[in-house]
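Undergrad: how would this look folded up:
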Amino acid sequence: MLHGRASLRPEEIAFTFTHYDRDPAGVAESLTWSQLARRTMNVAVQLRRHGSAGDRAVILAPQGLEYILAFLGALQAGLVAVPLPLPFPGSGHERVGAVLTDTEPAVVLTTSAAAVDVGDYVAKADLASPPQLVEIDGLDLDADPAGAGLEPVGAQSLAYLQYSSGSTRQPTGVMLSHRNLVANMSQIKAWGSVAFCEGEEIALSPLPLYHIFALTVNCLALFNLGSLNVLVVNARDIPSVLKEFKRNKITMMTGVNTLFNAMLNHKDFAGCDFSQFKFALGGGMAVQRVVAEKWQSVTGSPLVEGYGMTESSPVASVNPLDGSGKLGSIGLPVPSTDMRVVDEKGNPLPVDGIGEIQISGPQVMKGYYNRPDETAKTIKDGWLSTGDIGKMDADGYFYIVDRKKDMILVSGFNVFPNEIEDVVAAHPKVLECAAVGKPDPKSGEVVKLFVVKKDKSLTEKELIEYC
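TA: All right, here's what the predicted structure looks like:
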């Protein structure tokens, strides 16, 4: 895929990235398609000196072009990539150590800037055999890799382990094969065919690359369409996100509800040029109706909600781009994917019946790494149990009601936090909100609401009366 794409437009830019945290002037670093193909092959060749096909390669690096090279290089080498967030210095040792112990990597990929901290994480992990620490920016990346002799990787071979706690109680490695990833890329391409112009899209990619949404949709699917990906150093730094939006003629972007809401509430967002912009794709969490409506009003383009999870590579369903979608729904299953709603015994429910959503398709994971018991609980008869409570309407559109484990039980009645949050978020003085369950001796649980004010004059009494 990579080398085929590179041969079409070798000198055009594939990825661009600006270190606003280091360089206030904002000088961008870029990779052309030919550079990307050559450098990832060089990474792959050098990684094979430290590990064999099937060995794990943990990636602990800051957001940037090196992350792309590390991930694609590991895949080309036949190693199993394990992308992780780089913790803040002095924190996160336990989580990183647990993943290192679980995967027993042959190599840990990082950058020179993060090498000291990463070396500390590795030293503190309980490992039988210490991995080789490789700094991507210290490798000879522009040599001629011709005749490298890397063997082809099998479709069912493990591509990467994404650690997630989506449907389990603790972070667990989700095993995704090359076939899983290629299937999901093809599904996304088919879904977007009504709007995507191959080789012409400019995609804003603000989410971190260790997140499966960014890794599959931006780093793989849009990359496979020949799109230019504009990476953002930190999605929480809204001014830097808007700088990239203004500097590049962005045609689409991915993100989560919290990011879209923050952009909408920034004073400079309405002044951006939306003339080339086609749509935003929201995932990772529910997109609130009030946010989607305001996005459409300000940009003139839809905020399209999709749905998936790490265990489905991740995209399972998404609203159509032809204007026939339904606000508030997670859309229709992507091609070659079946979805259904079942009761607690696993029996399929009729239209509008509320139960657990299940998924079946070629993008569904191989299973959980070293966790056969959890795999057996989650995948039965080819169906992936998501842990999400939802329903399907008469037109085949699916809706998320809530997470199974987030449901609040008040005096025997199911209360879904998402429904409460949708109402509260529509209040003009509310910026963000979250509803959770709190233990109660009389009713078992009661609803507790947390609110971030947009307007300081908002009172508890006013909000309760509104609700």
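Undergrad: okay, CA-based contacts and neighbour counts for the rest of this
TA: Noted.
Undergrad: tell me which element the residue nearest to residue 77 when sequence neighbours are not counted is part of?
TA: Excluding the flanking residues, the one nearest residue 77 by C-alpha to C-alpha, 6 or more residues apart in numbering is residue 44, at 4.5 Å. According to DSSP states H and E, residue 44 maps onto helix 33-47.
Undergrad: list the contacts of the residue nearest to residue 77.
TA: 73-77 (C-alpha atoms under 8 Å, 6 or more residues apart in numbering).
Undergrad: and the gap between it and residue 442?
TA: Residue 44 sits 61 Å away from residue 442, going by C-alpha to C-alpha, to the nearest Å.
Undergrad: now swap in residue 61 and tell me
TA: Taken as C-alpha to C-alpha, the span from residue 61 to residue 442 is 49 Å.
Undergrad: between the two, which is the more surrounded one?
TA: residue 61 (27 against 9; other C-alpha atoms under 10 Å).
Undergrad: ok, back up a step: what about the helix holding residue 44, average pLDDT?
TA: Per-residue pLDDT values over helix 33-47 give a mean of 94.
Undergrad: so what's the gap between that helix and the chain middle?
TA: When distances are taken as C-alpha atoms, centre = their mean, to the nearest Å, helix 33-47 is centred 24 Å away from the chain's centroid.
Undergrad: after that helix comes which helix or strand?
TA: Scanning forward in sequence from helix 33-47 by DSSP H and E, the next helix or strand is strand 56-60.
Undergrad: and that following strand with helix 33-47, angle?
TA: 120 degrees (axes from the mean of the first three to the mean of the last three C-alpha atoms, to 10 degrees).
Undergrad: nearest to residue 377 among the contacts of residue 44?
TA: Lowest distance from residue 377 to those (C-alpha to C-alpha) belongs to residue 75, with 28.9 Å.
Undergrad: before we move on, back to that, ok, and the most crowded of the contacts of residue 44?
TA: Of the contacts of residue 44, with other C-alpha under 10 Å as the count, residue 74 tops at 32 neighbours.
Undergrad: element containing that one, please.
TA: helix 65-76.
Undergrad: for that helix, packing partners?
TA: Counting contacts by 3 or more C-alpha pairs under 8 Å, 6 or more residues apart in numbering; DSSP states H and E, helix 65-76 is packed against strand 13-18, helix 33-47, strand 56-60, strand 80-84.
Undergrad: go again with 6 Å.
TA: helix 33-47 (3 or more C-alpha pairs under 6 Å, 6 or more residues apart in numbering; DSSP states H and E).
Undergrad: and the helices in the stretch 201-350 of the chain?
TA: Assigned by DSSP state H, counting those that start in this stretch, the helices in the stretch 201-350 of the chain fall at 212-213, 223-224, 238-247, 257-264, 289-299.
Undergrad: most tightly packed of the ones you listed?
TA: Most buried of the helices of the stretch 201-350 of the chain, by mean neighbour count (mean count of other C-alpha atoms under 10 Å): helix 212-213, with a mean of 24.
Undergrad: nearest to residue 461, of the helices of the stretch 201-350 of the chain?
TA: Across these, closest to residue 461 is helix 289-299 (C-alpha to C-alpha), at 21.8 Å.
Undergrad: and the closest one, what's its mean pLDDT?
TA: Mean pLDDT, taken over the full extent of helix 289-299, equals 94.
Undergrad: now what about it, what contacts it?
TA: Contacts with helix 289-299, where a contact means C-alpha atoms under 6 Å, 6 or more residues apart in numbering, come from 274, 302-303, 328, 426.
Undergrad: show me which of the residues you listed is closest to residue 217.
TA: residue 303 (15.7 Å).
Undergrad: confidence score at the residue nearest to that closest one when sequence neighbours are not counted?
TA: With C-alpha to C-alpha, 6+ apart as the criterion, residue 303 has its nearest non-adjacent residue at 4.7 Å, and that residue is residue 280. We have a pLDDT of 97 for residue 280.
Undergrad: spatially central residue for this protein, please.
TA: By C-alpha atoms, centre = their mean, the chain has its centre lying nearest to residue 213, at 1.9 Å.
Undergrad: check contacts around it.
TA: Contacts of residue 213 by C-alpha under 6 Å, 6+ apart: none found.
Undergrad: check what pLDDT it gets.
TA: Per the predicted model, pLDDT is 93 at residue 213.
Undergrad: and if you look at residue 447?
TA: Per the predicted model, pLDDT is 93 at residue 447.
Undergrad: quickly find the element holding it.
TA: strand 444-453.
Undergrad: so where's the stretch 101-250 of the chain shaky on pLDDT?
TA: 146-148, 165-171 (pLDDT under 70).
Undergrad: strands of that one, start to end?
TA: Using DSSP state E, counting those that start in this stretch, the strands of the stretch 101-250 of the chain run over residues 107-110, 132-135, 158-164, 172-177, 202-205, 228-231.
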